[in-house]
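K.L.:
model this:
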Amino acid sequence: MQYLTLGLGSLEEGLIYAIMAVGIFVSFRILDIPDLTVDGSFITGSAVSIMVTQAGLPVLGIFAAMAAGALAGCITGLLHTKLKVQPILAGILTMTGLYSVNLMILGDNPTVSVFGQDTIFTPLLNAAQSWAPELTSVMKKAGVLPVILLILVVVTIILYWFLKTQLGMSLRATGDNVEMVNASSINSDAMKILGLAIANSLVALSGAVLAQDQNFADAKAGTGMVVIGLASIIIGEAIFGRRSVLNNIISAILGAILYRVVITVVFQLGMPASYLKLLSAVIVAFALAVPIIGANVKKRRKRHAEA
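P.N.:
As a prediction, this is how the structure comes out:
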């Protein structure tokens, strides 16, 4: 029972962070922009979602969080395109400002809880626990997972459809070749702002879902989210490859789930939780090194064969 609960828990977190990974995929792979706004917009989504949930409107909290995340992405995009700030610095500026904004949203409280109040998971949770009250921890996961999975599937379908539209193709072209896009009379600045808005709205959505799942928002919990997202994308690509847009999105999702499973296993082996950020950095570095190591191995084999 303990291992079943741990497995469902890691799957639950993996699905939530997969939403964030899809958002980072948009900025990192589609636009080719390393956006550090993520560490701030993730908590913005959590804070907005919790405050609106506190008012008794959990579903509205999800959409409000996405709107707030999109606004954060627009600010980064404007700093980059209109003020010509380097994208990494633009993301750092927005992320830094969002720390104070997030505290303001939370009423200057570092943590705000909604324990005992309804969330988007409450109806299914009540139904699951009524079916098997003796399996409280397992049925809690059973009541949460379908909702998260539904949100992730809807996000994946809408994003895939959007990237196949003319506007989506323009967005992808902007990330591939800005000069060609400008020569085609497409406003590359508008495309970058749109892409960053979409990316951060999905990141905020992930934060909103996590906050309602945990029943609280923590203003300091966003540190390292961009590393987690990049780890998910890179792990997914290293294992499942990069063949098409849909394949890349699914790779990011599966990478996020695999990442959480690896983290859970490592913690069960006795690794302190305080080492999580270090472990994340090591995983990303290793995943980045895999293609290079593979290429070097092929070169050596080729040299030996020629010799």
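K.L.:
Show me the strands in the stretch 151-300 of the chain, by range?
P.N.:
With strands called from DSSP state E, counting those that start in this stretch, the stretch 151-300 of the chain shows them at 216-218.
K.L.:
residue boundaries of the helices in it?
P.N.:
Here the stretch 151-300 of the chain has its helices, by DSSP state H, counting those that start in this stretch, at 166-176, 178-183, 188-214, 225-240, 245-268, 276-306.
K.L.:
Look up how far Ala231 lies from Leu278.
P.N.:
12 Å (Cβ to Cβ, to the nearest Å). No exception for glycine: its C-beta is placed from N, CA and C like everyone else's.
K.L.:
nope, Ile257 is what I meant
P.N.:
Distance of Ile257 to Ala231, computed by Cβ to Cβ: 12 Å.
K.L.:
out of those two, which sits in the busier spot?
P.N.:
Ala231 (30 against 21; other Cβ atoms under 10 Å).
K.L.:
how about the helices of the stretch 151-300 of the chain, which one is nearest Ile16?
P.N.:
Ile16 sits nearest to helix 188-214 of all those, at 5.0 Å, using Cβ to Cβ.
K.L.:
so what does that closest one touch, helix or strand wise?
P.N.:
helix 2-25, helix 38-54, helix 58-81, helix 136-164, helix 166-176, helix 178-183 (3 or more Cβ pairs under 8 Å, 6 or more residues apart in numbering; DSSP states H and E).
K.L.:
Buried residues, the longest one. List them.
P.N.:
The one in question is helix 136-164. 138-145, 147-148, 151-152, 155-156, 159, 163 (16 or more other Cβ atoms under 10 Å).
K.L.:
Hey, what's the angle from it to helix 188-214? Just curious.
P.N.:
Between helix 136-164 and helix 188-214, the angle comes out at 170 degrees (axes from the mean of the first three to the mean of the last three Cα atoms, to 10 degrees).
K.L.:
Give me the angle between helix 136-164 and helix 2-25.
P.N.:
Going by the same axes, to 10 degrees, helix 136-164 is angled at 20 degrees with respect to helix 2-25.
K.L.:
counting contacts, what elements does helix 136-164 pack onto?
P.N.:
By 3+ Cβ pairs under 8 Å, 6+ apart, helix 136-164 packs against helix 2-25, helix 122-131, helix 166-176, helix 188-214, helix 245-268.
K.L.:
what do you get for the third one?
P.N.:
Counting contacts by 3+ Cβ pairs under 8 Å, 6+ apart, helix 58-81 packs against helix 38-54, helix 87-105, helix 188-214.
K.L.:
Would you point to the one among those that's packed deepest?
P.N.:
helix 38-54 (a mean of 29; mean count of other Cβ atoms under 10 Å).
K.L.:
I'd like the distance from that helix to the chain centre, please.
P.N.:
13 Å (Cα atoms, centre = their mean, to the nearest Å).
K.L.:
Next, the contact list for the spatially most central residue of the chain, please.
P.N.:
Central residue of the chain (Cα atoms, centre = their mean): Met20, 1.1 Å from the mean position. By Cβ atoms under 8 Å, 6 or more residues apart in numbering, the contact list for Met20 reads 38, 42, 202-203, 206-207, 225, 228-229, 232, 256.
K.L.:
and those residues, which two are the farthest apart?
P.N.:
The most distant members of the contacts of Met20, if one measures by Cβ to Cβ, are Gly207 and Ser232, lying 15.1 Å apart.
K.L.:
Need the helices and strands packed on helix 58-81 in JSON lines (columns: mean pLDDT and distance to Leu269).
P.N.:
Output for the helices and strands packed on helix 58-81, formatted as JSON lines (pLDDT from 0 to 100; distance: least, Cβ to Cβ, whole Å):
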{"stretch": "helix 38-54", "mean pLDDT": "96", "distance to Leu269": "28"}
{"stretch": "helix 87-105", "mean pLDDT": "95", "distance to Leu269": "33"}
{"stretch": "helix 188-214", "mean pLDDT": "95", "distance to Leu269": "24"}
